[in-house]
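Peer 1: sequence below, structure please.
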Amino acid sequence: MSDAHPERERRGREQTTAAILEAAEELFAEQGFSAVTVRAIAERAGVSHALVHRYLGSKADIYRAVLVSQEDAILQAAPDDPDLLDSAALMFRQALAENRRYIRLIAHSALHGLPYERTSGRFAATERLVELAERAAASASPPERAEKDLDPRIAVAGAVALLLGWAATESWVRPAAGIQDLNGAEVEAGLERLIRVMLGASVPGLAVDDPGDAGV
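Peer 2: This next block holds a predicted model:
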């Protein structure tokens, strides 16, 4: 009996924290960091302003907690895969299928001038892709490194930028490119294919990898 009450309190706090983070993610993605207040987050979550501060701290603390919780979900889409191309593809699918609002939140924050220093300070999924790209480059022969002389970190940065840009501008880019006739799955498969080809062509130690050649 003595353990029941603390356990209920723990579960209640976890549920409330999850609701606060959900509300915060929605608001940050919709309005950007600067426009959102802790009171607005509390109202959206259905809790008191004081409780939000007690559980999660300041607005900056809440923002960082949102980023960390969602970034881990993307990283875990390919937690043990040592292959850069497969890992990038799995993370891309996860981001667009389950974490699109989070991706839009990042894009919105960057476009509206929120300094990187105000974020969590690290993005684990991106760091993992950089690690795999540098590992592939280190294993390449000297002639291949001379041929593909682009810093592998830039190749990963380009792939990440493509993902962020698509999540933020899809509603404009689709009609601009005249691809409204394609469904979402077709477009996302094409973008995933593009990322694989781009990384394969620019990172030493990798071959150009185009699943479309194999009918995938």
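Peer 1: distance of residue 33 relative to residue 65?
Peer 2: According to C-beta to C-beta, to the nearest Å, residue 33 and residue 65 sit 13 Å apart. C-beta here means a position set from N, CA and C on the backbone, and glycine is covered the same way.
Peer 1: tell me where the protein has strands.
Peer 2: In the chain, no segments count as strands under DSSP state E.
Peer 1: and the helices in it?
Peer 2: Per DSSP state H, the chain carries helices over the ranges 4-31, 38-45, 49-56, 59-75, 84-98, 100-111, 124-139, 142-147, 152-177, 184-202.
Peer 1: can you put these in TSV and add mean neighbour count, distance to residue 208 and mean pLDDT?
Peer 2: Shown next, in TSV, are these (neighbours: other C-beta atoms under 10 Å; distance: least, C-beta to C-beta, whole Å; pLDDT from 0 to 100):
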stretch	mean neighbour count	distance to residue 208	mean pLDDT
helix 4-31	15	35	84
helix 38-45	18	46	95
helix 49-56	16	45	92
helix 59-75	19	25	84
helix 84-98	20	10	92
helix 100-111	19	26	83
helix 124-139	19	13	93
helix 142-147	11	12	92
helix 152-177	16	13	93
helix 184-202	17	4	94
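Peer 1: which one, of these, ends up nearest to residue 117?
Peer 2: Comparison of the helices of the chain against residue 117 by C-beta to C-beta identifies helix 59-75 as nearest, at 10.1 Å.
Peer 1: what lies in contact with the closest one?
Peer 2: Outside helix 59-75, the residues that touch it by C-beta atoms under 8 Å, 6 or more residues apart in numbering are 20-21, 24-25, 28, 33, 36-38, 41, 52, 56, 91, 94-95, 98-99, 102, 105-106, 118-121, 123-125, 128.
Peer 1: outline the domain layout of the chain.
Peer 2: 1-57, 69-214 (automatic domain parsing).
Peer 1: the first one: how far from the chain's middle?
Peer 2: Yep, that's domain 1-57 we're talking about. For domain 1-57, the distance from its own C-alpha centre to the chain's C-alpha centre is 22 Å (C-alpha atoms, centre = their mean, to the nearest Å).
Peer 1: and if you look at stretch 102-115?
Peer 2: 11 Å.
Peer 1: ditto for stretch 125-142
Peer 2: With C-alpha atoms, centre = their mean as the basis, stretch 125-142 stands 19 Å off its chain's centre.
Peer 1: list the contacts of it.
Peer 2: With C-beta under 8 Å, 6+ apart, stretch 125-142 has contacts from 71, 74-75, 78, 82-84, 87-88, 91, 145, 148, 152-153, 155-156, 159-160, 199, 203-206.
Peer 1: can we see that at 6 Å?
Peer 2: 71, 74-75, 84, 87-88, 91, 152-153, 156, 160, 203-206 (C-beta atoms under 6 Å, 6 or more residues apart in numbering).
Peer 1: what's the most distant pair in those residues?
Peer 2: Between any two of the contacts of stretch 125-142 (C-beta to C-beta), the greatest distance is 27.1 Å, for 71 and 204.
Peer 1: surely residue 77 and residue 94 touch.
Peer 2: Yes: counting by C-beta atoms under 6 Å, residue 77 touches residue 94, with 3.5 Å between them.
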